[in-house]
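Peer 1: sequence unknown, structure follows:
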């Protein structure tokens, strides 16, 4: 089995995949390319979907909308970020950081008063900083080892409880015994008064708990949105989905189990 992740080696995605899979890990330059590889049927994928500090990962959500990939598992990973560079300096010319990492470390970064340059991954930030002595990177400890950087300051994330939720995606839809959660996309197609109330009422009347709801632009124009909803599996959820189909278009993303993951000490 192969598992595709956002690369290069040194990303949190790579670290998580290395810990939970006994499989060949394939690195991809973007989250979009992870989805493309999974859709080709070559492998499964592991991608970040939301963070406790920065919220939803837009690239993952957009690809869940467009692709035929299904969610087959989820993992919650504590995340620590560090400022690293080739050498210690009083001030750096620039800080390289992934957009999500920038948001997760915004309080520290804003105090540095230096330009921030966004990259495709935490490992890529470290890779660039390794070739630019005057610059620093916000990155993982594993990436500092790979690219031979010095950790200038540990734990620069805004919150000590910083956690990223990852989802496993697959082209197939395997049967999952005793799933804990289901994920769907609701596309109302047309706005009207009371629409969101009607959608939420379908869950409320059967006492189904929603663990997450997030709106995302439908890409059809300003003011048009779809809703990503995660809900706990409860008796009657199948009937709820049938009732919702009378209100809006429903895309089932999958029902799956949460796999506990204990992050290794870094």
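Peer 2: Received it, and whenever you're ready, just let me know what you need. The model shown is predicted, which means the values in this text are computed figures rather than measured ones.
Peer 1: distance of the residue lying farthest from the centre of the chain from residue 172?
Peer 2: Here the centre of the chain is the reference, and by C-alpha atoms, centre = their mean the most remote residue is residue 90, at 33.5 Å. Here residue 90 is placed at a distance of 54 Å from residue 172 (C-beta to C-beta, to the nearest Å). Any C-beta I mention is one placed from the backbone N, CA and C, and that applies to glycine too.
Peer 1: for the stretch 51-200 of the chain, what spans make up the strands?
Peer 2: 55-56, 70-78, 82-85, 94-98, 116-119, 135-139, 150-153, 163-170, 181-187 (DSSP state E, counting those that start in this stretch).
Peer 1: Output the contacting helices and strands for the last one.
Peer 2: Strand 181-187 sits against strand 225-232, helix 237-244, strand 249-259, with contacts defined as 3 or more C-beta pairs under 8 Å, 6 or more residues apart in numbering; DSSP states H and E.
Peer 1: Sheet-wise, list the partners of that strand with their directions.
Peer 2: Its sheet considered, strand 181-187 pairs with strand 225-232 (antiparallel), strand 249-259 (antiparallel) by DSSP bridges.
Peer 1: I'd like those strands written out as JSON lines, with distance to residue 10 added.
Peer 2: Formatted as JSON lines, these follow (distance: least, C-beta to C-beta, whole Å):
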{"stretch": "strand 225-232", "distance to residue 10": "29"}
{"stretch": "strand 249-259", "distance to residue 10": "23"}
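Peer 1: quick one, which of those strands is packed in tightest?
Peer 2: strand 225-232 (a mean of 19; mean count of other C-beta atoms under 10 Å).
Peer 1: residues in contact with it?
Peer 2: Outside of strand 225-232, the residues within contact range by C-beta atoms under 8 Å, 6 or more residues apart in numbering are 56, 61, 64-65, 180-188, 196, 199, 203, 208-218, 237.
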